[in-house]
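> Starting from these lines, generate the structure:
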Amino acid sequence: MKQPTQSPILVPASQGPVIRAFGEEAVFLLTGEQTGGALTQWIETTPPGAGPPPHWHTDVDEWFYVLEGQAGFLADGAWHEAAPGAAVFVPKNAVHAFRNVGNVPLRMLITTAPSGFETFFTRCATEFANPAGPDMQRIMEISAEHGIHFAT
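Numbering: from 1, shown residues only. Next comes the predicted model:
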């Protein structure tokens, strides 16, 4: 049996970088730098009523695990509710969306593979930090550069 060449990675609770964009907060637990590009994992907090519009990723698979709150997931053209403990897998190229359908913040553990979502979210956060508000055309360009496309 071959010996592993990398040590396990331990990130204490809430110790990852915090990035804010799209009205949401992401605490990145594992990044591509830490995982050799294998995956990115974060805890995302979404306020009531918020969530991204329908979209798909050409480059990544995505997993969601609901920690707190009530999530709605768009899958196959229909919305489905997911309570704490529910898991959702979205393969690349599948149109999907999620939203907080409850009245308290929604917290989910989200994983994408391969990694790179942390770079996308950080680039968008720079746009959202603009005092005049984000340039949504630039957000669309950044999204496309990361293989994220929005349904029309």
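> going forward, measure contacts and count neighbours with C-alpha atoms only.
OK.
> I'd like the distance between the residue nearest the centre of the chain and Gly133.
The centre of the chain sits closest to Ile110, judged by C-alpha atoms, centre = their mean, with a distance of 5.6 Å. Note on Ile110: its distance to Gly133, by C-alpha to C-alpha, to the nearest Å, is 26 Å.
> longest helix in this structure, by residue count?
helix 117-128 (DSSP state H).
> For this structure, which segments count as strands?
For the chain, the strands defined by DSSP state E cover 18-21, 24-30, 40-46, 55-57, 61-68, 71-75, 78-82, 87-90, 96-100, 106-113, 148-150.
> Return the distance of the fifth one from the chain's centre.
In this case it means strand 61-68. From the chain centre to the centre of strand 61-68 is a distance of 9 Å (C-alpha atoms, centre = their mean, to the nearest Å).
> contacting residues around it?
In this structure, residues lying in contact with strand 61-68 by C-alpha atoms under 8 Å, 6 or more residues apart in numbering are 82-92, 105-114.
> Give me the buried entries from these.
The neighbour-count test (16 or more other C-alpha atoms under 10 Å) marks 82-83, 90-92, 105-114 as buried among these.
> tell me what the longest helix of the chain is packed against?
strand 18-21, helix 136-145 (3 or more C-alpha pairs under 8 Å, 6 or more residues apart in numbering; DSSP states H and E).
> Please identify which of those is closest to Pro12.
Judged by C-alpha to C-alpha, the one of those that comes nearest to Pro12 is strand 18-21, at 13.6 Å.
> hmm, back to that, isn't the residue nearest to the centre of the chain right up against Glu44?
Yes: the criterion here is C-alpha atoms under 8 Å, and Ile110 meets it with Glu44 at 7.1 Å.
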